[in-house]
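Q: need a 3D model of the sequence below.
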Amino acid sequence: MSTARRGADAFLFQVMLGLCSIWGLQQVAIKAAAPDIVPLMQTMARSGIAALLVGLVMSWRGDWKSVRGTLRGGLLTGALFALEFLFIALGLQYTLASHISLFLYTSPIFSALGLHLLLPSERLRPFQWLGIAVCFGGIAVAFSGGLTLAHMDTRMLLGDALGLLSGAAWGATTVAVRTSRLSEAPPTLTLFYQLVVASVALLALAGMSGQIHQVALTPLSMGSVLFQGVVVSFASYLTWFWLMRRYLASQMAVLSFMTPLFGITFGVVLLGEPLSLNFVAGAVLVLLGITLVNAGPWIRRRLTQGAGP
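A: Down below sits the predicted model:
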């Protein structure tokens, strides 16, 4: 059977629209349920639920035979995944869900920089360097937006910084996968490592910080955890991997940048979060920069083709 990937079509756009709306809602769900269950416990529980479901899928598909030789890479990617959600959980205590949604999705910038240093085949092109510059300029503008809101203080800057660190951790996870034997393993195995290590590490951190008891079983808290564990961490991620086997990854990556737009919109509409002009302008620049980084190779090919006889 041919392994050729297809270009974007109406089906891909519709599915990606649904996935991006789900991913954009997750930070809002964590923030909304925080009074009943602290974000750290939410991220731990979602990882545990999803790990159990992914483990069942792996047993059904026979993916366990690929475990050999992947433990080191699996533990590293799992630790980075746990770090990503630790930064998200901490950041949501200080800043807005809409801000976390934006800064989390700076991850392609950090993965591009890491792969540029480690893999000769992933060297950045001029358009991509331009995208990185635009993205970091947008980050600076978006950060300054936190100080234009009269009722906010420097705690928002701390939360924004933690959101940016979550994006860096996610980018580092991508680099770890690409540079280890996990790059040849089934995606379900990589996801399982991430979920299991994250659930154990976050549970330990919750115990040490005294947050393990800050849980109230209310409809909102249970709904948030089930949504994140079953819908986000399990169903949506497996759908993404299914699409990756059928469509061009570069075009899927560009479509995934709808996620911060949904995250910002849901934060404003559902949580009543304010938006500053600086943050909106910074968000536009960040998304433009990320698009240039991911579309850089395609632009280069098009220019090269156009310059021919």
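Q: tell me where the chain has strands.
A: Shown for the chain, no strands are assigned by DSSP state E.
Q: where in it is pLDDT low?
A: The chain contains residues with pLDDT under 70 at 1-5, 7-8, 145-153, 248-251, 295-309.
Q: sketch out the helices for it, chain order is fine.
A: For the chain, the helices defined by DSSP state H occupy 10-33, 39-61, 71-91, 97-104, 107-118, 126-145, 155-178, 187-208, 219-226, 237-244, 249-255, 258-271, 277-306.
Q: would you mind finding the most buried of those?
A: Ranked by mean neighbour count, the helices of the chain are led by helix 97-104 with a mean of 28 (mean count of other C-beta atoms under 10 Å). Quick note: C-beta positions are derived from backbone N, CA and C, even for glycine.
Q: using CSV, write out every CA atom in that helix.
A: The C-alpha coordinates for helix 97-104 follow below in CSV (Å, rounded to 0.1, in the frame of the first residue of the first chain):
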residue,chain,number,x,y,z
ALA,A,97,-5.9,31.0,30.1
SER,A,98,-5.9,32.9,26.8
HIS,A,99,-2.2,33.9,27.5
ILE,A,100,-1.2,30.3,28.3
SER,A,101,-2.9,29.1,25.1
LEU,A,102,-0.8,31.5,23.0
PHE,A,103,2.6,30.9,24.7
LEU,A,104,2.2,27.2,24.8
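Q: that helix - contacts with which helices or strands?
A: Judged by 3 or more C-beta pairs under 8 Å, 6 or more residues apart in numbering; DSSP states H and E, helix 97-104 is in contact with helix 10-33, helix 71-91, helix 126-145, helix 155-178, helix 258-271, helix 277-306.
Q: list the helices and strands the shortest one packs on?
A: When you say that, I think you mean helix 258-271. Helices and strands touching helix 258-271, by 3+ C-beta pairs under 8 Å, 6+ apart, are helix 10-33, helix 97-104, helix 277-306.
Q: to residue 76, which of those helices lies closest?
A: helix 97-104 (20.0 Å; C-beta to C-beta).
Q: run the angle between that closest one and helix 71-91 for me.
A: 150 degrees (axes from the mean of the first three to the mean of the last three C-alpha atoms, to 10 degrees).
Q: roughly how far out does helix 97-104 sit from the chain middle?
A: Averaged C-alpha coordinates place helix 97-104 at 10 Å from its chain's average position (C-alpha atoms, centre = their mean, to the nearest Å).
Q: then stretch 136-145?
A: Relative to the centre of its chain, stretch 136-145 is centred 19 Å away, using C-alpha atoms, centre = their mean.
Q: ok, residues contacting it?
A: Where contact means C-beta atoms under 8 Å, 6 or more residues apart in numbering, the residues beyond stretch 136-145 that reach it are 99, 102-103, 106, 109, 157, 160, 164, 276-289.
Q: repeat for stretch 29-39
A: Applying C-beta under 8 Å, 6+ apart, the external contacts of stretch 29-39 come out as 42-43, 45, 88-90, 92-93, 96-97, 206, 211, 214-216, 218, 220-221, 223-225, 227-228, 267, 270-271.
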